[in-house]
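A.B. asks: Sequence below, structure please.
(2 chains)
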There are 2 protein chains.
Amino acid sequence: MTGVALFSRAKHQAYTPSLQLVPQVLAGSRLAIARMISRAEANYLEAADALAEIYKHTGNAHIIGITGVPGAGKSTLVSSLIKSLTSDGRKVGVVAVDPSSPFSGGAILGDRVRMNDAAEANQAFVRSMATRGHLGGLAPSTLQAVDVLDAAGYSPIIIETVGVGQDEVEIVSAAHTIVVLSPPGLGDDIQAIKAGILEIADIHVVSKADKPEAGAAVAALKGMLSLGATRPNSTWVSPVLAVSSVSGEHLESLKSSIDRHWKHLQDSGELVDRRRNNCRTRIFNMARHSFQHRFQEHADVLEAQLQAVVNREVDPQSAAQVLLSWNVKS
Amino acid sequence: MTGVALFSRAKHQAYTPSLQLVPQVLAGSRLAIARMISRAEANYLEAADALAEIYKHTGNAHIIGITGVPGAGKSTLVSSLIKSLTSDGRKVGVVAVDPSSPFSGGAILGDRVRMNDAAEANQAFVRSMATRGHLGGLAPSTLQAVDVLDAAGYSPIIIETVGVGQDEVEIVSAAHTIVVLSPPGLGDDIQAIKAGILEIADIHVVSKADKPEAGAAVAALKGMLSLGATRPNSTWVSPVLAVSSVSGEHLESLKSSIDRHWKHLQDSGELVDRRRNNCRTRIFNMARHSFQHRFQEHADVLEAQLQAVVNREVDPQSAAQVLLSWNVKS
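C.D. replies: Residues are numbered from 1 along each chain as shown, chains lettered A, B, ... in the order given. Now for the predicted structure:
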């Protein structure tokens, strides 16, 4: 009895309600930020109100998506950017998503990134997240983690994703500035790059600029861009940069391109459209996740409809309507 | 005035309410079948009750999915199958979906397929459909067209899709027997085949058996299958056949494999599971389509929520809940 009571008490004491964490998140507490992101990732129902409250304090950060094929050197580039941006005195957030390793857990990028000095460690918040959703694309918690960092005053916030199919498209709806990283020695891979990735890039970066093939890759990308592959409804001309994370070569020009793009979005008014489109996609994805989640939790309701459809007593359209109109507080 | 009145009257006279078409569909009227499928494809609200009624008369047909990369020879194979199956006295339905050509309209396959004699023309119903949904995969109307043919007494019903990414997976949820067609001279393409298509095939067919490379392709596929790529929870061993649609070589063995698989599904009890899984996927896809459709029709509701999210007055999760719980008779 005593053991149980002690255990319950300890558990109770350890758990701070999420809403109580909100003021600490807004004040920039690293511990509160880490907890809130963990609760979003674990999909705690209890955290929903807190995340809703946090959302209202967002909209200040410049969100940068960095994507590219595996092996392009994304993590190395992000490490270099963290170092460079924090040395300017900026508070840099990083949310890294790697769908190819669902068990990557919470600390992997943190391990890879060497925090070089105390200032850098204090000024940057790096979080690696697994993609929980089986629906393809970014999990809702990825964007909630960005919200938490945004509300806590981090800017820019970098979302790092492996650019494979669906994710390339999803990141467009999550960020303001898209940086697409390509390895040098493109050659035969140019077809793969043509298929979708050219259009989404606000800034092209060829990694490993110290390698001799980098120049050819830059020329190939510039050639393809000159054929007119740019984002629709934008006057921005995407630059092509070669960056060496090893020597630090041209890292400053990447940083200034990122800042220039952010300024362009604000000055041209394109930011308004981009924010709007991002919100629309996010609402739909959230609805899709909620709908799926609802019937994982309430399998009996789904089961009854399913059995009726299997028995040809109810048609799929009517069953879908029943499920859509069936309300649960979830 | 007279002109308008005449026009209205002619229009009124031409339109038979969908529910009135149902008995004609069940009786096998080709005209009624064609109309009902057109109304499903055009997403007529008026047709919903009729399609619901038709669904209750389905569940008799053997539904065969035929998929493969562009150029594998799907249409030629389907033409040969139609000829062979109708000569057995079977009523064969074909629903062809080509997502790569959204403007294929209603008659393309019909043009390609030469109906060789009156019997074949009477016994087969071939319909080519555009994929209307922008959500990837099979449109709801594709499965409704299959329903119409099923209720009208057609069996087997062949769904022909181009096997590109998402569609390979979707067809698994729409059919009982999956035939995957591969061109000979696989060679380097074997990686592409490995990625997903091996597992879904109940029957592998290498096309153009008259070509010398066909033998090597059969051997390569058999080799990969021996490594264990089969559908989970099934005792079926997928055969690998080489078929020439030109010479008709081995077409009979394909036909008997198809029949043997259908018998296997029934005898083993696997049909029950497969039907159940197919219904589940269909209900979810239908709900997804309805949800999206609802807010295309009622843009103002979505707009109000979107603006609130853009303004940070409402968080995306709450907006999604409002949209999910917002009921419309649609």
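A.B. asks: who's in contact with A:His264?
C.D. replies: A:235-236, A:270 (Cβ atoms under 8 Å, 6 or more residues apart in numbering or on different chains). Yep, even glycine has a C-beta here, placed from its N, CA and C like the rest.
A.B. asks: swap that for A:Val22, please
C.D. replies: A:36, A:50, A:53-54.
A.B. asks: Now tabulate those residues in JSON lines and tack on distance to chain B.
C.D. replies: Shown next, in JSON lines, are the contacts of A:Val22 (distance: Cβ to the nearest Cβ, whole Å):
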{"residue": "A:Met36", "distance to chain B": "14"}
{"residue": "A:Ala50", "distance to chain B": "10"}
{"residue": "A:Glu53", "distance to chain B": "8"}
{"residue": "A:Ile54", "distance to chain B": "8"}
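A.B. asks: now that we have those residues, which one has the most neighbours?
C.D. replies: The residue in the contacts of A:Val22 with the most neighbours, by other Cβ atoms under 10 Å in any protein chain shown, is A:Met36 (28 neighbours).
A.B. asks: mind checking the SS state of the nearest residue to that residue once chain neighbours are set aside?
C.D. replies: Closest residue to A:Met36 apart from its sequence neighbours, by Cβ to Cβ, 6 or more residues apart in numbering or on different chains: A:Val148 at 5.0 Å. Of the three states, A:Val148 takes helix under DSSP: H, G, I helix; E, B strand; the rest coil.
A.B. asks: Surely A:Val148 and A:Arg35 touch.
C.D. replies: No - under the criterion of Cβ atoms under 8 Å, A:Val148 is not in contact with A:Arg35, lying 9.6 Å apart.
A.B. asks: State the distance from the closest residue to A:Lys91 other than its chain neighbours to chain B.
C.D. replies: Once flanking residues are discounted, A:Lys91 sits nearest to A:Tyr154: 4.7 Å by Cβ to Cβ, 6+ apart. Distance, A:Tyr154 to chain B, using Cβ to the nearest Cβ, to the nearest Å: 17 Å.
A.B. asks: Counting neighbours, what do you get for A:Tyr154?
C.D. replies: A:Tyr154: 25 neighbours (other Cβ under 10 Å).
A.B. asks: ok, it - contacts?
C.D. replies: A:61, A:91-93, A:125.
A.B. asks: Going along the chain, name the helices of the stretch 201-330 of chain A.
C.D. replies: A:214-226, A:251-268, A:270-297, A:299-310, A:316-325 (DSSP state H, counting those that start in this stretch).
A.B. asks: For the last one, name the packing helices and strands.
C.D. replies: Using 3 or more Cβ pairs under 8 Å, 6 or more residues apart in numbering or on different chains; DSSP states H and E as the contact criterion, the elements in contact with helix A:316-325 are helix A:270-297, helix A:299-310, helix B:48-55, helix B:140-151, helix B:270-297.
A.B. asks: Which of those helices sits closest to A:Pro212?
C.D. replies: helix A:270-297 (36.9 Å; Cβ to Cβ).
A.B. asks: per-residue confidence averaged over the closest one?
C.D. replies: Helix A:270-297 carries an average pLDDT of 85.
A.B. asks: in what helix or strand does A:Glu160 lie?
C.D. replies: According to DSSP states H and E, A:Glu160 maps onto strand A:157-162.
A.B. asks: Check what contacts that strand and list those residues.
C.D. replies: Contacts to strand A:157-162, defined as Cβ under 8 Å, 6+ apart, come from residues A:61-70, A:74-75, A:78, A:81-82, A:92-100, A:109, A:138, A:142, A:146, A:149-150, A:167, A:170-171, A:174-175.
A.B. asks: out of those, which touch chain B?
C.D. replies: With the criterion set as Cβ under 8 Å from any Cβ of the partner chain, no member of the contacts of strand A:157-162 is near chain B.
A.B. asks: Give me the three-state assignment for A:Ile178.
C.D. replies: strand.
A.B. asks: That one is in contact with A:Ile200, isn't it?
C.D. replies: Yes - if you go by Cβ under 8 Å, A:Ile178 and A:Ile200 touch, sitting 5.3 Å apart.
A.B. asks: Could you give the number of residues near the closest residue to A:Tyr55 other than its chain neighbours?
C.D. replies: In space, A:Tyr55 comes closest to B:Asp315 once its chain neighbours are excluded; the distance is 3.6 Å by Cβ to Cβ, 6+ apart. By the measure other Cβ under 10 Å, the count of residues near B:Asp315 is 25.
A.B. asks: Please give me every residue in contact with B:Asp315.
C.D. replies: B:Asp315 touches A:51-52, A:55-56, B:309, counting by Cβ under 8 Å, 6+ apart.
A.B. asks: switch the cut-off to 7 Å
C.D. replies: The contact partners of B:Asp315, by Cβ atoms under 7 Å, 6 or more residues apart in numbering or on different chains, come to A:51-52, A:55.
A.B. asks: Let's see the pLDDT reported for it.
C.D. replies: Listed pLDDT for B:Asp315 reads 92.
A.B. asks: and the stretch 201-330 of chain A, which residues reach chain B?
C.D. replies: A:275-276, A:279-280, A:282-283, A:286-288, A:290-291, A:305-306, A:309-310, A:312, A:315-321, A:323-325, A:327 (Cβ under 7 Å from any Cβ of the partner chain).
A.B. asks: Buried ones among those?
C.D. replies: A:275, A:279-280, A:282-283, A:286-288, A:290-291, A:305-306, A:309-310, A:315-321, A:323-324 (16 or more other Cβ atoms under 10 Å in any protein chain shown).
A.B. asks: so what strands line up beside the helix or strand encompassing A:Val94?
C.D. replies: For A:Val94, the host element (DSSP H and E) is strand A:92-97. Applying DSSP bridges to the sheet, strand A:92-97 is found paired with strand A:124-129 (parallel), strand A:157-162 (parallel).
A.B. asks: Determine which of those strands approaches A:Pro183 most closely.
C.D. replies: strand A:157-162 (13.1 Å).
A.B. asks: So what angle separates the directions of the closest one and helix A:140-151?
C.D. replies: Strand A:157-162 runs at 150 degrees relative to helix A:140-151, counting by axes from the mean of the first three to the mean of the last three Cα atoms, to 10 degrees.
A.B. asks: Please compute how far strand A:157-162 lies from its chain's middle.
C.D. replies: 5 Å (Cα atoms, centre = their mean, to the nearest Å).
A.B. asks: Report the rounded mean pLDDT for that strand.
C.D. replies: 88.
A.B. asks: list the contacts for A:Asp202?
C.D. replies: A:177-178, A:236, A:238, A:261.
A.B. asks: Roughly how far does the residue nearest in space to the middle of chain A sit from B:Ala308?
C.D. replies: Among the residues of chain A, A:Ile159 comes closest to the average C-alpha position under Cα atoms, centre = their mean, at 4.1 Å. From A:Ile159 across to B:Ala308, the span is 24 Å (Cβ to Cβ, to the nearest Å).
A.B. asks: What part of chain A, helix or strand, is modelled with the least confidence?
C.D. replies: helix A:108-112 (a mean of 42; mean pLDDT, DSSP states H and E).
A.B. asks: Looking at the helices and strands packed on helix A:316-325, spot the one closest to B:Ser245.
C.D. replies: Among the helices and strands packed on helix A:316-325, the nearest to B:Ser245 by Cβ to Cβ is helix B:140-151 (22.9 Å).
A.B. asks: then that closest one to PDB, C-alphas only?
C.D. replies: Listed next in PDB are the C-alpha coordinates belonging to helix B:140-151 (Å, rounded to 0.1, in the frame of the first residue of the first chain):
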ATOM      1  CA  PRO B 140     -14.500   6.600 -55.800                       C
ATOM      2  CA  SER B 141     -16.300   6.500 -59.200                       C
ATOM      3  CA  THR B 142     -13.900   3.800 -60.400                       C
ATOM      4  CA  LEU B 143     -15.200   1.400 -57.700                       C
ATOM      5  CA  GLN B 144     -18.800   2.600 -58.300                       C
ATOM      6  CA  ALA B 145     -18.400   1.600 -62.000                       C
ATOM      7  CA  VAL B 146     -17.200  -1.800 -60.800                       C
ATOM      8  CA  ASP B 147     -20.300  -2.000 -58.600                       C
ATOM      9  CA  VAL B 148     -22.600  -1.200 -61.500                       C
ATOM     10  CA  LEU B 149     -21.100  -3.900 -63.600                       C
ATOM     11  CA  ASP B 150     -21.100  -6.400 -60.700                       C
ATOM     12  CA  ALA B 151     -24.800  -5.700 -60.000                       C
END
